[in-house]
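Asks: Here is the input, now give the coordinates:
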Amino acid sequence: MSVGATTSAPLSPASDTSMVTSAFSLVDYVVFILLLVLSLAIGLYHACRGWGRHTVGRLLMADRQMGCFPVALSLLATFQSAVAILGVPSEIYRFGTQYWFLGCSYFLGLLIPAHIFIPVFYRLHLTSAYEYLELRFNKIVRVCGTVTFIFQMVIYMGVVLYVPSLALNAVTGFDPWLSVLTLGIVCTLYTALGGLKAVIWTDVFQTLIMILGQLTVIIVGSAKVGGFGHVWDVASQHGYISGIELDPDPFVRHTFWTLAIGGIFMMLSLFGVNQAQVQRYLSSRTEKAAILSCYAVFPCQQLVLCISCLIGLVMFAYYKEYPISIQQSQAAPDQFVLYFVMDLLKGLPGLPGLFVACIFSGCLSTISSAFNSLATVTMEDLIRPWYPQLSEGRAIMISRLLAFGYGLLCLGMAYISSQLGPVLQAAISIFGMVGGPLLGLFCLGIFFPCANPPGAIVGLLAGLIMAFWIGIGNIMTNMGSGTAPSPFNGSSFSLPSNLTTTYMNTLMPSTTRSRPAGLQRLYSLSYLWYSAHNSTTVIVVGLIVSLLTGRMRGRTLNPRTIYPVLPRLLALLPLSCQKRLHCKSYSQDLSMEPTVFPEKMSNGMLKGSRDKEAMAVAEEGLAYQGSSATFILQETSL
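Replies: Predicted coordinates:
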């Protein structure tokens, strides 16, 4: 799909805000403050409930007693950040509905985690997803994965806090640092004190606020332009309803294949192996509840994507009938929606405040998930292995201090983000570039029994090098050509001092440039293929190194860390074919005894609160089928 470019300069945050602040009344401020107060109240309620009887398991994993409904909404809230609320409608408003086809990737992007990643992780009874890497490979691989994740999230969370606050400042006159401090302090308090249960239930509340705020914009906007049917007709007349573009070129920014297939890998990196999401699966009371929560996210995500896209169409139809303001015409892409909402909802006290609360709900849900997941992996992967005799009381105190510490670090990263200028795009791209190699590392362990620790380490390094090579190469190429640098395909927007423009140009690049040649063509790879490309690099390099270093000879392989792809495929064959292939039927009920891992034992007794957890594993009969285990062990001995 060809896309146009705009050369209008964005509005500086210091520009005249008198016209827009008048749309934000006292009622709007009350609605916005209520969001913060209620979010904090939910968190403090769960912090005070049972005070003195808290355990590390309760703080980090909500006692593994969460139902599928709150877990599903928490998964959705983490995915639906303020960036998506501002960015997706802007994308539709500028370039049409091609982006809507990203919804095609949601099916496999959630089906695969539900039936592969969740069963493997849940049956191993993990707290941190990176525990899996030690059980499958060794402790060094686990530390490498943990450090990579921490680097990814620390870079990202300051940006996701600061940039929407700056966009809001340009439109409503909110002081950006007051927004940053308020959100940071509120989020840190309820995350550190209430733990994962507080995070999940505040996510539920914030998800409802996000949906309510967006639906308000659609209803009021479509009513003002003559109904939603008229909105669709206007978009169709101007060619904004995109057809299926089947161009297989991976260097075209958005095509059906890029969105549907490249999007699957992006979804897997988010919902399959990201600790912020995996931790919610593992907090479910049963494996079935965890799988159901993943299924429940699918229609919710489709709904949220539709709502965001419809806002973009309503905004397009609205400005075909009403004159666009001077501020809107000069605004950065991420400010389009805010200006539209302030223009649309003026004279309706409380509704502008509701939409601002919607944006800040996206910030709170994303940041609280980051705090909690970072505290968990630091505690479980970097502290507990070195201090196995840590008492329960001290572990709780350290976990809370970690959450507070990451909250302060988030504020520090927000300040650094304000000073980075154009380099901010490199920080944003890191989040996307690191997700692919981590996905590849987990896939290498789960699907390939012959992969060994040297292969895993070298594969991860190769994937990270490839990711940064393409990402930084793209930035340097764009800077050399005098355009605004964008890790994801570039943008021809003039480079502003406004960091929000930089941020959203990174998320939604938008230009038609002359087709590069040679090595520079690789740098123009569509951002949606980044995860697929980098994860494939990890798998290919990891397998080559593993084959060259003797596969798994001399190493013990726990069959429960493997997803038996070939036995499951053979089980689909008729019994006569299976007998000819000399393989046992996968339906045979030959189970192995559930494993209690040595690192969770101390003199025959389980550490801390994990005795109940191990008993739950045994009671559930979490065993792989005998035929699968036999095949895997034979495979590794080849």
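
Asks: Just give me the neighbour total for Ile324.
Replies: When neighbours are defined as other C-beta atoms under 10 Å, Ile324 has 15 of them. For glycine as for every other residue, the C-beta is placed from the backbone atoms N, C-alpha and C.

Asks: Let me know the secondary structure of it.
Replies: Secondary structure, DSSP: H, G, I helix; E, B strand; the rest coil: Ile324 is coil.

Asks: Pop out the phi and psi values for it.
Replies: phi -80, psi 140 (degrees, to the nearest 10).

Asks: can you check Met552 too?
Replies: Torsion angles, degrees, to the nearest 10, at Met552: phi -100, psi 20.

Asks: is it true that it touches Pro449?
Replies: Yes - checked against C-beta atoms under 8 Å, the pair Met552 and Pro449 is within contact range at 6.9 Å.

Asks: So between those two, which is more surrounded?
Replies: Neighbour count, other C-beta under 10 Å: between Met552 and Pro449, Pro449 has more, with 27 against 23.

Asks: quick one: secondary structure of that one?
Replies: Three-state call for Pro449 (three-state DSSP): coil.

Asks: Report the rounded mean pLDDT for stretch 40-57.
Replies: Mean pLDDT, stretch 40-57: 77.

Asks: Now Ile185. Nearest residue, chain neighbours left out?
Replies: Gly407 (7.7 Å; C-beta to C-beta, 6 or more residues apart in numbering).

Asks: Tell me how many other residues crowd the one you found.
Replies: Neighbour tally, Gly407, other C-beta under 10 Å: 25.

Asks: So for Ala235, what's the nearest residue that isn't a sequence neighbour?
Replies: Nearest non-adjacent residue to Ala235 (C-beta to C-beta, 6+ apart): Leu313, at 5.0 Å.

Asks: right, and the helix or strand after the strand or helix carrying that neighbour?
Replies: Per DSSP states H and E: Leu313 is located in helix 287-321. Following helix 287-321 in sequence order, the next helix or strand is helix 326-330 (DSSP H and E).

Asks: and that following helix, what does it pack onto?
Replies: Helix 326-330 is packed against helix 336-344, with contacts defined by 3 or more C-beta pairs under 8 Å, 6 or more residues apart in numbering; DSSP states H and E.

Asks: The helix it packs on: how far from the chain's middle?
Replies: 26 Å (C-alpha atoms, centre = their mean, to the nearest Å).

Asks: So which residues make contact with it?
Replies: 20, 23-24, 85-86, 89-90, 93-94, 167-168, 170-172, 217, 220-221, 224, 311, 315, 318-319, 322, 325, 327-328, 331, 352, 355, 359 (C-beta atoms under 8 Å, 6 or more residues apart in numbering).

Asks: And stretch 309-327, by the same measure?
Replies: 11, 15-16, 19-20, 88-93, 97, 99-100, 171, 214, 217-218, 221-222, 224-225, 228, 230-232, 234-235, 238, 240, 328, 336-337, 339-340, 343-344.

Asks: Would you mind listing the buried residues in it?
Replies: 309-319, 325, 327 (16 or more other C-beta atoms under 10 Å).

Asks: before we move on, what about stretch 355-375?
Replies: For stretch 355-375, by 16+ other C-beta under 10 Å, it's 355-375.

Asks: Those residues in helices, which ones?
Replies: 355-375 (DSSP state H).

Asks: any low-confidence regions in the stretch 351-500 of the chain?
Replies: Across the stretch 351-500 of the chain, the ranges flagged by pLDDT under 70 are 419-432, 475, 477-500.

Asks: What ranges does this structure have for its strands?
Replies: Using DSSP state E, the strands of the chain run over residues 601-602, 605-606.

Asks: tell me the mean pLDDT over the first one?
Replies: Same thing as strand 601-602. So the average pLDDT for strand 601-602 ends up being 38.

Asks: my read: Leu189 touches Leu44, true?
Replies: Yes - in this structure, Leu189 is within contact of Leu44 by C-beta under 8 Å, at 7.5 Å.

Asks: what about these two, which has more around it?
Replies: A count of neighbours by other C-beta under 10 Å puts Leu189 above the other of Leu189 and Leu44, at 19 against 15.

Asks: pLDDT score for that one?
Replies: Leu189 carries a pLDDT value of 87.

Asks: need the contact list for it.
Replies: Leu189 neighbours (C-beta under 8 Å, 6+ apart): Leu40, Gly43, Leu44.

Asks: Which one of the residues you listed is nearest to Ala198?
Replies: Gly43 (4.0 Å; C-beta to C-beta).

Asks: State the number of residues packed around the residue nearest to that closest one when sequence neighbours are not counted.
Replies: Take Gly43 and drop its neighbours on the chain: the residue closest to it by C-beta to C-beta, 6+ apart is Tyr190, 2.1 Å away. The number of residues packed near Tyr190 is 26, by other C-beta under 10 Å.

Asks: Likewise for Leu73?
Replies: Residues lying near Leu73 (other C-beta under 10 Å) number 25.

Asks: Quick check: it touching Thr202?
Replies: No - applying C-beta under 8 Å as the test, Leu73 and Thr202 come out as separate, 10.5 Å apart.

Asks: Of the contacts of stretch 309-327, which belong to helices?
Replies: Of these, the ones assigned to helices by DSSP H are 19-20, 88-93, 171, 214, 217-218, 221-222, 224, 228, 230-232, 234-235, 328, 336-337, 339-340, 343-344.

Asks: Buried ones among those?
Replies: 20, 88-93, 171, 214, 217-218, 221-222, 228, 231-232, 234-235, 328, 336-337, 339-340, 343-344.

Asks: Excluding sequence neighbours, find me the nearest residue to Gln328.
Replies: That would be Tyr339: by C-beta to C-beta, 6+ apart, it lies 4.4 Å from Gln328.

Asks: May I ask you to confirm that Thr188 is in contact with Gly407?
Replies: Yes - using C-beta under 8 Å, Thr188 is in contact with Gly407, at 2.9 Å.

Asks: Could you tell me which residues touch both of the two?
Replies: Contacts common to Thr188 and Gly407, judged by C-beta under 8 Å, 6+ apart, are Phe371.

Asks: which residues sit in contact with the spatially most central residue of the chain?
Replies: In the chain, the C-alpha nearest the mean C-alpha coordinate belongs to Leu270, at 4.3 Å (C-alpha atoms, centre = their mean). Shown in contact with Leu270 (C-beta under 8 Å, 6+ apart): Phe79, Gln277, Gly435.
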